[in-house]
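Undergrad: no sequence for this one, just the structure:
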């Protein structure tokens, strides 16, 4: 047994020691924990850890196979995302005990706080005392046993799993109901309690999902689709887009779901032009080697940075919204062009991990597919707060795409209309976020950059919080950013345009004098290298592409991504449809597109008189419209319009 | 976006070092708010006297000008200076005063940046960590029956000493609050109070909580009752602590979105955002702590 005294040893060092001891197969005793946070986080060895008093937030979080015993109380987020293993708490546990567990056993002798077992997928959370409100909130599976009383709204919005309560149930949550308990279930619980030496008092009652809310009650009738370029037409009032919208709503009586991003005219990067005359640019076949484009992202606080061969990344897109083959192709292309790929929501596949050279692993509120093992093999971790297409709302994945395989990875029931939580269980403010970031850093030994994905909403405040909370970089996503499924009202009418987002971000960081303390990756409807250079001029450290990468791989912009029967095999989980997508072929197409992006960045940077993309600045731009000038503060120079047309330089040399 | 802490020693014999206790507790949860730190401390009251604390800045000339303006304002309202000193960027005055406090406070507020006025209360707050503020203002040596404190991560308003917590309930002696959360019906409530003649010195939602409670107290409503109604009247996420000359209390919103934990013995009550702060007072000990249930409030007095 290894003994660590937290009165002497900082938690960071202690966790390194705990992991080392675990690897050596030695048990650990932690003295004087004094309710410090993150004790034992990231441990993946089958050893026992004895915490000799109270533990703080996220004790035993992001672990697999270890057993923890805590002699007194535990703070918020006990056993966060545990895969297997156990935690026994002799005292009370704070809010969200057992959050997002995937198979562990968590036993609390005292009381537990609110939202216990939020988004849990499997395993058992047992409380011998009373539970506060919303136990089992949004749980997807597993078992909660409450031997005392349970507070308000038990099982609120639960999808799967079971909740057993021996004491008083104050009331049931939305879509939860009582059901009969079988004698086998009672025996299983008795056996579990025996194992942990807890007496069973009272009669257990069982609560499950009532099944009224798992699918939209009406299906959206499939009509002939209107492709994006028609859909976004800003013609007259009663154009085909408006008519179709009304027709469909008159059938289904609810809001519509669609794919893609904002399809109405908004000030965008296309409304800016370069100040210099670029008519001479583009003639040099070797231009790419003459401009320094290599960009490091995420290393400013000491983590190992992502090293990009050009200031470009792939935007996060989930395996779920798009097919496994597509994720694989994008990952392959990202490696060929030596930039970074991003998992998006819903976990990391081996194929994607193997194909991508650098891969960011995204952590969302539902913790769907999130786990310590994939964290460790990622090159960066990203906390998703929201996305530009639907800031403030969770993802949607219609039942057709929630196949058994996908459900298994995510730890949810198959065949539901999955509406992911819009909030993280453990991030209710900037103060909680600090503790969450620290947990991810502790779990991965401070090795990986930690970023935040922000949908542009209250950019000014959000970006200040991001820098104060110590993120390494921000992926800022404007309103033109796309989605695999969102309500069309939200996609078109909620959020802040990409152009305004970057301006607000830059201003906010300047206001607090902290621009150098964070890096900024801009996304949200960026189409090509020209847009990327404009983003860099406005202050971004890199630009990210999502939609244009899909289009390069064959997407036809029909906006039916949510339906699940994508004819190109991109936005589908149906093997028959997916067959149409050949990952290795599309990877080459995407790679070729990315190389034109590289060429454009080099050509324009060089044409503006620079040898390094880091030299690009605001002074290189003018605004072509009054709107864009108002948003950016750039000089309004409509005279550049003709020149701008000439500036849409096409690559002369293709890869 | 913050961490909060409060302590009350329940009787004369158990009085410990309040300043020291609060510095330790806030240091324990400094990760919740690195921008600024503040303390509301209650010392012995002297009949007929008020303690005033002003922010006058570090620059000597500006401070001198502010102090001169303060002296004029005090004289104009028949407040006679008993003692005064400059500490850090603060100017600390004791005056003899027996008029209408609210009118006096608003008038003084127009002349200088008032941090607190009270017969017992003094608010110490500035940019920096608990230890930095302590070093500047010697909080550690402050003895007294009770106090509350705050570490702040500024989100929507600026990082300035005057936007830091605790907030004094402008116009009401000896009432201070510290708050973790966000009051979403801020403007609605503020306008309601402004229509009734109350003045606000910042746009910070926490000041609203202070004025809201003080208004109730001045109508003769008990602190306990004021806390009860605050849970219905205030919208948003909040865990806050309030202190008066002889009481401290808490209120917590129904969603329990902001943490709070308390530890009570025969001698003291300590409340904090996180247990780690409570363990700072009792290192190595297993504390029998309680998490206040959602939508609840409570007061303690001595």
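TA: Arrived safely. All values derive from a computational prediction rather than experimental measurement.

Undergrad: what element comes up after the helix or strand where residue A:105 lies heading to the C-terminus?
TA: Using DSSP states H and E, residue A:105 falls within strand A:102-108. Sequence-wise, the next helix or strand downstream of strand A:102-108 (DSSP H and E) is strand A:122-127.

Undergrad: Who does that following strand pair with, and is each partner parallel or antiparallel?
TA: Strand pairing for strand A:122-127, using DSSP bridges, gives strand A:102-108 (parallel), strand A:143-146 (parallel).

Undergrad: give me phi/psi at residue A:282?
TA: Dihedral pair for residue A:282: phi 100, psi 0, per degrees, to the nearest 10.

Undergrad: Would you confirm that it contacts residue A:603?
TA: Yes. Using CB atoms under 8 Å, residue A:282 is in contact with residue A:603, at 5.2 Å. Placement of C-beta: from N, CA and C, glycine included.

Undergrad: Please identify which of those two sits among more neighbours.
TA: residue A:603 (26 against 21; other CB atoms under 10 Å in any protein chain shown).

Undergrad: Check the spacing between the more buried one and residue A:319 real quick.
TA: From residue A:603 across to residue A:319, the span is 34 Å (CB to CB, to the nearest Å).

Undergrad: any idea how far the strand holding residue A:105 is from the chain center?
TA: A distance of 25 Å separates the centroid of the chain from that of strand A:102-108, by CA atoms, centre = their mean, to the nearest Å.

Undergrad: Pull out the buried residues from that strand.
TA: A:102, A:103, A:104, A:105, A:106, A:107, A:108 (16 or more other CB atoms under 10 Å in any protein chain shown).

Undergrad: And the pLDDT at the second one?
TA: In this prediction, residue A:103 carries a pLDDT score of 95.

Undergrad: Can you get me a residue count around residue 117?
TA: Looking at chain A here, since you left the chain open. Neighbour number of residue A:117 under other CB under 10 Å is 34.

Undergrad: try chain B instead
TA: 28.

Undergrad: a strand runs through it, doesn't it?
TA: Yes. Residue B:117 forms part of a strand when assessed by DSSP: H, G, I helix; E, B strand; the rest coil.

Undergrad: quick one: it from chain A, how far?
TA: Separation of residue B:117 from chain A (CB to the nearest CB, to the nearest Å) stands at 30 Å.

Undergrad: any idea how far residue B:42 is from that residue?
TA: For residue B:117, the distance to residue B:42 equals 13 Å [CB to CB].

Undergrad: do residue A:49 as well
TA: 43 Å.

Undergrad: Also residue A:619?
TA: Residue A:619 is 57 Å from residue B:42, by CB to CB.

Undergrad: These two: which is more packed in?
TA: residue B:42 (26 against 12).

Undergrad: these two touch, right, the more buried one and residue B:245?
TA: Yes. Judged on CB under 8 Å, residue B:42 makes contact with residue B:245 at a distance of 6.5 Å.

Undergrad: what residues are shared contacts of the two?
TA: Residues within reach of residue B:42 and of residue B:245 at once, by CB atoms under 8 Å, 6 or more residues apart in numbering or on different chains, are B:120, B:121, B:174.

Undergrad: wait, isn't the second one in contact with residue B:42?
TA: Yes. Distance between residue B:121 and residue B:42: 5.8 Å, which falls inside the contact criterion (CB under 8 Å).

Undergrad: anything in contact with each of those two?
TA: Residues within reach of residue B:121 and of residue B:42 at once, by CB under 8 Å, 6+ apart, are B:174, B:243, B:245.

Undergrad: Give me the contact list for the strand holding residue A:105.
TA: Contacts with strand A:102-108, where a contact means CB under 8 Å, 6+ apart, come from A:63, A:74, A:78-79, A:81-89, A:92-93, A:97-98, A:120-129, A:142, A:192, A:196, A:198, A:371, A:411.

Undergrad: Up against chain B, what does chain A have?
TA: Residues of chain A found near chain B (CB under 8 Å from any CB of the partner chain) are A:7, A:32, A:34-37, A:53-54, A:56-57, A:71-73, A:75-76, A:91-92, A:94-95, A:111, A:113-114, A:132-133, A:151, A:428-431, A:434-435, A:438, A:461, A:464-465, A:468-469, A:512.

Undergrad: Residue A:493: neighbouring residues, count only.
TA: The number of residues packed around residue A:493, counting by other CB under 10 Å, is 11.

Undergrad: That one: what's it in contact with?
TA: Contacts of residue A:493 by CB under 8 Å, 6+ apart: none found.

Undergrad: so how far is chain B from it?
TA: Between residue A:493 and chain B the computed distance is 22 Å (CB to the nearest CB).

Undergrad: Got the phi and psi for that residue?
TA: According to degrees, to the nearest 10, residue A:493 has phi -130, psi 0.

Undergrad: same check, this time on the one 10 residues further on
TA: Residue A:503 adopts backbone torsions of phi -60, psi -50, taken as degrees, to the nearest 10.

Undergrad: Let me know whether it touches residue A:631 as I believe.
TA: Yes. Using CB under 8 Å, residue A:503 makes contact with residue A:631 at a distance of 6.1 Å.

Undergrad: What does the pLDDT read for residue A:321?
TA: Per-residue pLDDT puts residue A:321 at 93.

Undergrad: how many neighbours does it have?
TA: 27.

Undergrad: Let me know whether it touches residue A:397 as I believe.
TA: Yes. Look at residue A:321 against residue A:397 with CB under 8 Å: they come within range, at 6.7 Å.

Undergrad: now that we have the shared contacts of residue B:42 and residue B:245, which one has the most neighbours?
TA: residue B:121 (28 neighbours).

Undergrad: which residues of chain B score low on pLDDT?
TA: Where chain B drops to pLDDT under 70, the residues are B:1, B:14-15, B:156-157.

Undergrad: Which of the residues in the top helix by length along it are classified as buried?
TA: Assignment by DSSP state H gives helix B:60-76 as the longest helix of chain B. Along helix B:60-76, these residues count as buried under the neighbour rule (16+ other CB under 10 Å): B:63, B:66, B:67, B:69, B:70, B:71, B:73, B:74.

Undergrad: Also stretch B:195-204?
TA: Counting neighbours by 16+ other CB under 10 Å, stretch B:195-204 gives B:198, B:201, B:202, B:204 as buried.

Undergrad: so, if you compare those residues, which one comes nearest to residue A:240?
TA: Of all the buried residues of stretch B:195-204, residue A:240 sits closest to residue B:204, with 50.2 Å by CB to CB.

Undergrad: Make sure the closest one is actually in contact with residue B:166.
TA: No. Distance between residue B:204 and residue B:166: 11.1 Å, which falls outside the contact criterion (CB under 8 Å).

Undergrad: thought residue A:463 was touching residue A:454?
TA: Yes. Using CB under 8 Å, residue A:463 is in contact with residue A:454, at 7.3 Å.

Undergrad: Now do the shared contacts for these two.
TA: Taking CB under 8 Å, 6+ apart as the contact rule, the neighbours common to residue A:463 and residue A:454 are A:474, A:476.

Undergrad: quick one: contacts for residue A:255?
TA: Contacts of residue A:255 were listed using CB under 8 Å, 6+ apart, and they are A:249, A:487, A:488, A:489.

Undergrad: can you redo those as CSV with distance to residue A:390?
TA: Listed next are the contacts of residue A:255 as CSV, based on distance: CB to CB, whole Å:
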residue, distance to residue A:390
A:249, 19
A:487, 7
A:488, 10
A:489, 10
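
Undergrad: PyMOL command for the buried members of those residues?
TA: Burial among the contacts of residue A:255 is assessed by 16+ other CB under 10 Å; the matching PyMOL selection reads:
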select buried, chain A and resi 487+488
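
Undergrad: Among the contacts of residue A:255, name the ones in strands.
TA: Taking DSSP state E, the ones among the contacts of residue A:255 that sit in strands are residue A:487.

Undergrad: Make a markdown table from the contacts of residue A:255 and add pLDDT to it.
TA: Shown next, in a markdown table, are these (pLDDT from 0 to 100):
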| residue | pLDDT |
| --- | --- |
| A:249 | 90 |
| A:487 | 89 |
| A:488 | 87 |
| A:489 | 89 |
